[in-house]
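In: Output the structure for:
(one chain, ligands or ions: 1)
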Amino acid sequence: MAGRRADRPLLLIAAGGTGGHMFPAQALAEAMLARGWRVKLSTDARGARYAGGFPREVRVEQVSSATFARGGLLVRALAPLRIAGGVIAALIGQLRDRPAVVVGFGGYPSIPALAAATVLRRPRMIHEQNGVLGRVNQVFALRVDAVACGTWPTALPEGVTGTHTGNPVRAAVLERSGAGYIPPGDYPMSLLVIGGSQGARILSDVVPEAVAALPETIRAQLRVAHQARAEDLDRVTAAYATAGIRAEVEPFFTDIPRRLSEAQLVVSRSGASSVADISVIGRPSILVPFAAATGDHQTANARGLVEGEAAILIPEEALDPRALAAQMAAVLGHPGAAQAMARNALALSRPDATDRLVELVESLTERVRS
Ligand SMILES: CC(=O)N[C@H]1[C@@H](OP(=O)(O)OP(=O)(O)OC[C@H]2O[C@@H](n3ccc(=O)[nH]c3=O)[C@H](O)[C@@H]2O)O[C@H](CO)[C@@H](O)[C@@H]1O
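Out: Numbers count the residues shown, from 1 in each chain. You can find the predicted model right below:
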């Protein structure tokens, strides 16, 4: 799409706070810029820290917003004022900029832009990464023109129809989509253990002991890569060493796409991006949802892969070394079953999530024109 700057449609993205909201927002921003749109990002000071990852052409606007869910009495009491201030600024901004579409990716910093777009009746949509709507998306689901779902199925309020777009994944993950899977066998095998972006203590408590309890035929061939919190590194490393198991233990693997593609089995939390990465590359997994996640959304995130026989779910309360060892053996001791899980995971993936989001954004402008 050529044209003078002012002729090009403007996409206003509203997203807040954490990587979970900002990474899919960034993927959409990059794709829309490539299609000749202008893009503006509305976020708060916390979100602005992630804005460095966005292309330089994206204008970043910091808004005033607040949550009622955290903070002391005074902070909560002032929340309505902070939100009202943000909404007024957003109304003025949208009257001036006339965005063609406003897209919210969740998080309370997305409130002002979505509220202003609702008042001004601008084309608007939300993207929810998890299988349960976050608090802000819950409020706006009934007030937007489209609800894009990263996870399928997503629990939606009555009367709301969602579109399954999927969650955008990194280019390095996409490059390995469908990379051939080597089923487990009588040769070196890789087990990858990941606990979201922070690492998960419960996996550090249970996985080393579970690996030690595996039948000797499997254990002797196993190489483990285990992401652990910084404070757990030493004890996890020692636990594997004591059991005579070869393991790399790191606080964060920067080469997860490669490690996923080389894994015979993944043991993981079911954060939205982890599930999307596992599915796009197509690997069997054992998922342990974070029980304290809002609305138990990690259980919902795992549902599609579990029902599609691509993953095994172990709730936190049922996770112990014996139970985990039994499930690991069920995959690593049965190449045919492992291969089928890998195939099912890939079949359920949405490697074209960004394209689907782009289509939805453009369909909104067309709907408004016609
Ligand atoms: C604890 C918590 O509330 N987590 C939430 C947070 O996810 P959180 O950011 O913890 O986890 P996600 O699974 O969404 O993303 C983790 C990402 O980090 C990658 N990775 C992981 C380990 C590693 O060593 N290297 C690496 O690159 C994974 O492959 C994945 O791409 O936001 C998500 C999206 O709203 C939610 O679904 C999660 O429930």
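In: The closest residue to the ligand within the stretch 101-250 of the chain: neighbouring residues, count only.
Out: Among the residues of the stretch 101-250 of the chain, residue 196 lies nearest to the ligand; the distance is 2.9 Å by CB to the nearest ligand atom. Glycine gets a C-beta too; all of them are placed from N, C-alpha and C. For residue 196, the tally of surrounding residues (other CB atoms under 10 Å) stands at 20.
In: Same check on residue 311?
Out: Taking other CB under 10 Å as the definition, residue 311 ends up with a neighbour count of 27.
In: Get me the contact residues on the stretch 251-370 of the chain for the ligand.
Out: 252-253, 256, 271-274, 277, 290, 293, 297-298, 301 (CB under 6 Å from any ligand atom).
In: returning to what we had before: for the residue of the stretch 101-250 of the chain closest to the ligand, helix, strand, or coil?
Out: Three-state assignment for residue 196 (DSSP: H, G, I helix; E, B strand; the rest coil): coil.
In: now whichever residue of the stretch 1-150 of the chain sits closest to the ligand: how far from residue 257?
Out: Nearest to the ligand, among the residues of the stretch 1-150 of the chain, is residue 20, at 2.7 Å (CB to the nearest ligand atom). The spacing between residue 20 and residue 257, counted by CB to CB, to the nearest Å, is 18 Å.
In: ditto for residue 90
Out: According to CB to CB, residue 90 stands 37 Å off from residue 257.
In: now the strands for the chain?
Out: 10-14, 38-43, 59-62, 101-104, 124-128, 146-149, 162-164, 189-194, 222-227, 246-250, 265-268, 285-287, 311-313 (DSSP state E).
In: Please work out which of the ones you listed is packed deepest.
Out: Highest mean neighbour count among the strands of the chain (mean count of other CB atoms under 10 Å): strand 101-104, with a mean of 29.
In: Can I get that one in PDB? Just the C-alpha atoms.
Out: Once side chains and other backbone atoms are set aside, the C-alpha atoms of strand 101-104 remain, and they are given as PDB (Å, rounded to 0.1, in the frame of the first residue of the first chain):
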ATOM      1  CA  VAL A 101      -8.900   0.000  13.900                       C
ATOM      2  CA  VAL A 102      -8.100  -0.300  17.600                       C
ATOM      3  CA  VAL A 103      -6.800  -3.700  18.900                       C
ATOM      4  CA  GLY A 104      -6.500  -4.500  22.600                       C
END
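In: Leaving out chain neighbours, which residue sits closest to residue 190?
Out: With CB to CB, 6 or more residues apart in numbering as the criterion, residue 190 has its nearest non-adjacent residue at 4.7 Å, and that residue is residue 263.
In: Near that neighbour, how many other residues are there?
Out: Residue 263 - counted by other CB under 10 Å - has 26 other residues nearby.
In: ok, back up a step: between residue 90 and residue 257, which is the more surrounded one?
Out: A direct count of neighbours by other CB under 10 Å for residue 90 and residue 257 places residue 90 higher, at 27 against 22.
In: Cross-check the contact I'm expecting between residue 282 and residue 173.
Out: No. No contact is recorded between residue 282 and residue 173 when judged using CB atoms under 8 Å, the distance being 10.9 Å.
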